[in-house]
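[1] Return a 3D structure for these sequence lines:
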Amino acid sequence: MTASITFGECLNYMLSTLDISISRLSKAINVDNSLVSRWIHGSRIPGYNTDHIENISEYLSKNVHNTFQETRLNQLFFSAQQNFELEANIKEKIKKVLLEAQGYSIENKKEKQIEKKKHKNDKEHISKFTFCEKLKLIEKSNSYEGKPVWNSNNTAKLMELSSEDKIIFGIENVIAASIDLLETTAKKSCSEISNTIYITYYQDIDSSQHHALINLRDVLLKAINSGWNLVLLLKMDGDINKLMEFIHFSRPLFETGKFYPYYINKYDNSSLSREILVVPEIGAVSCFSTNIHSTVDCAFYFKSKAAIKTFIDCYNVILTNEASPLITYYSSENSIDYGLCLTECEENIGNRFLYKYSFSMVTMHEHLYKKLLKRKKFSTDEMLMELEIYRRRLSSFLSNVQIYEYKDIYMEDSIRMLIKNRQFYYYNYSGVQIMELEAEDIIEYLENVIYLLKTHNNYNIAFISRGDVKNHNLNCVVKDRKAVLFECYEPSKNIAKVQLSIEEPTIVKAFYRYFEEIWKHIAPVNNDKNEIIKWLESQINVLKKMVS
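    Residues are numbered from 1 along each chain as shown. Okay, the predicted model is just below:
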């Protein structure tokens, strides 16, 4: 366990998160209240050869009732440096972190007993000397290499730094050193207890270093592909432009499913330290400023294991006490929750951006939608659920678009696939499926899209070419002031690799601005409503000639 946490601290955190009292736990695992109390206060630790941890894990895992509790537990798992997997059984994760905390507490207790015994022997040894000899021994014990060392009650510890530790001057050199550290990390396989890279994004790096930051991100992606998780701590000061830079920096990281950003939940917090990058067992870069402009221009580079551990411990203190998870992940088992979250998001008031490969389901008439559902051979219950979601989303679209701006950005290539190959991409909570449509169905579909564009002044569509985007397997919905819904699909597979939501309002606003900028950079011929209608009408004429 890289981040040291005692068994009592760990158990107390879990009970607090799940709102379980000491007496309730003691009854559930059939032990006395006083024993659980002593565990929490550190006076007792469950032994290795008992069933207590198995019983605790079994009971606690059955009392995780919502995503908030699950997120809080995940935060503990990260702090404990566990080999975190979204698909892992919650009981096994709880058991593992309790076992690690148990081991740390037991071994720490043994070390204290040894230290106490040694201290007692030293005192007995010193008592045999004269008063003057005792003074010399005490003076010697409080010095390092013959030089006096500050000591408080004879308990201070001095640890040497590595001979490889250094100070780096110049922001370019700081970033180069950080990239070098991550390159080394990407070449090493992570262990079960050291599988997380820690980094901050306090926005202290000068904006002129944008290209260097992108290089840093690309190396982070290499490390993630080698099996590492990435925890990022974000400080927000309300500067939307800086947060848009963060979105540009982190968007490819979201697609990995192994990126876990947290944000400082005290928005006026100006006391936090500057940017750091820490990799367990490998190195740490701690940035600082020596100029009046407060931008990073220097850094300490540590390879000392004691220094690295200290930075990780400090990072986790902030993570636990002052930060909140920025995103909620949805695993394949609860992808239906993602679908419902998307529906509820659509039902809220506000402007909306949609970014995806092909048309949204709400652009399709209901009888054509039912026709597609029959082709998928859903059961009756599945059919009813799909229709309910479709009707809810269509109803919210039609009511909101009367007042709020709705802008959809699609891939131009999707129209080619629809017209030339007659292939339609059907999306629902469980994945995406390519379906073949008859020419008459496509004509009807495009006519309905044109009808929506002509009927609703606030509804607009834009198309972007394949060359303008790096990843064509992304869907993103941004509901202003409410939420961001994001999913990424595996190429050639029909299930989502990543599904997540963000509800922090400042980040949601920054995402909305981010897509506004994308819209502004689309050529007028591809986002002007009249031009889009003319183009779709021309495609309908092509189809009509094909079927005539």
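[2] ok, now which ones touch H248?
    Residues in contact with H248, defined by C-beta atoms under 8 Å, 6 or more residues apart in numbering, are Y514. In this view, the C-beta of every residue, glycine as well, is placed from N, C-alpha and C.
[3] Isn't N12 up against V36?
    No: counting by C-beta atoms under 8 Å, V36 is not a contact partner of N12; they are 10.1 Å apart.
[4] So if I had to pick from the two, which one is more boxed in?
    With neighbours defined as other C-beta atoms under 10 Å, N12 and V36 compare such that V36 has more, 24 against 16.
[5] wait, what's in contact with the more buried one?
    Per C-beta under 8 Å, 6+ apart, neighbours of V36: 11, 22, 25-26.
[6] show me where pLDDT drops low in the stretch 51-200 of the chain?
    For the stretch 51-200 of the chain, the stretches flagged by pLDDT under 70 are 79-88, 116-159, 191-193.
[7] switch the cut-off to 50
    82, 126, 131-132, 134-135, 137-139, 141-156 (pLDDT under 50).
[8] From start to finish, how long is stretch 331-340 in a straight line?
    In stretch 331-340, first residue to last residue: 14 Å (C-alpha to C-alpha, to the nearest Å).
[9] can you offset everything so residue one is 38?
    Okay, residue one is now 38; in that scheme the one you just asked about reads as stretch 368-377.
[10] in it, what's buried?
    Neighbour counts using 16 or more other C-beta atoms under 10 Å place 372, 374-376 of stretch 368-377 among the buried residues.
[11] do you know how far S395 is from I452?
    To I452, S395 is 8 Å away according to C-beta to C-beta, to the nearest Å.
[12] Between these two, which has more neighbouring residues?
    S395 (20 against 17).
[13] a helix runs through the more buried one, doesn't it?
    No: under the criterion used here (DSSP: H, G, I helix; E, B strand; the rest coil), S395 is coil, not part of a helix.
[14] My understanding was that it contacts Y447; is that so?
    Yes: counting by C-beta under 8 Å, Y447 is a contact partner of S395 at 6.1 Å.
[15] which SS state does the spatially most central residue of the chain fall under?
    Nearest residue to the geometric centre of the chain (C-alpha atoms, centre = their mean): Y297, 2.3 Å. At Y297 the chain is in strand, as set by three-state DSSP.
[16] Could you pull up phi and psi at the closest residue in space to E475 that isn't next to it in sequence?
    Among residues not flanking E475 along the chain, R459 sits closest, at 7.4 Å (C-beta to C-beta, 6 or more residues apart in numbering). Backbone geometry at R459, expressed as degrees, to the nearest 10, gives phi 60, psi 40.
[17] What's the separation between R459 and G264?
    The gap separating R459 from G264 is 42 Å, by C-beta to C-beta.
[18] contacting residues around the residue nearest to E475?
    By C-beta under 8 Å, 6+ apart, R459 lies in contact with 473-476, 479.
[19] need the longest helix for the protein.
    If you go by DSSP state H, the chain has its longest helix at helix 127-163.
[20] Distance from it to the middle of the chain?
    Averaging C-alpha positions (C-alpha atoms, centre = their mean, to the nearest Å) puts helix 127-163 33 Å from its chain's average.
[21] Now do stretch 259-271, average pLDDT.
    What stretch 259-271 shows for mean pLDDT is 92.
[22] Dump that stretch to PDB, keeping only the CA atoms.
    Extracted in PDB, the C-alpha atoms of stretch 259-271 (Å, rounded to 0.1, in the frame of the first residue of the first chain):
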ATOM      1  CA  LYS A 259       1.500   5.800 -23.900                       C
ATOM      2  CA  ALA A 260       1.800   5.100 -20.200                       C
ATOM      3  CA  ILE A 261      -1.900   4.400 -19.900                       C
ATOM      4  CA  ASN A 262      -1.700   1.900 -22.800                       C
ATOM      5  CA  SER A 263       1.100   0.200 -20.800                       C
ATOM      6  CA  GLY A 264      -1.400  -0.500 -18.000                       C
ATOM      7  CA  TRP A 265      -1.100   2.600 -15.800                       C
ATOM      8  CA  ASN A 266      -4.100   4.600 -14.400                       C
ATOM      9  CA  LEU A 267      -4.000   8.300 -14.300                       C
ATOM     10  CA  VAL A 268      -5.300  10.500 -11.500                       C
ATOM     11  CA  LEU A 269      -5.400  14.200 -12.200                       C
ATOM     12  CA  LEU A 270      -6.200  17.000  -9.700                       C
ATOM     13  CA  LEU A 271      -7.700  20.100 -11.300                       C
END
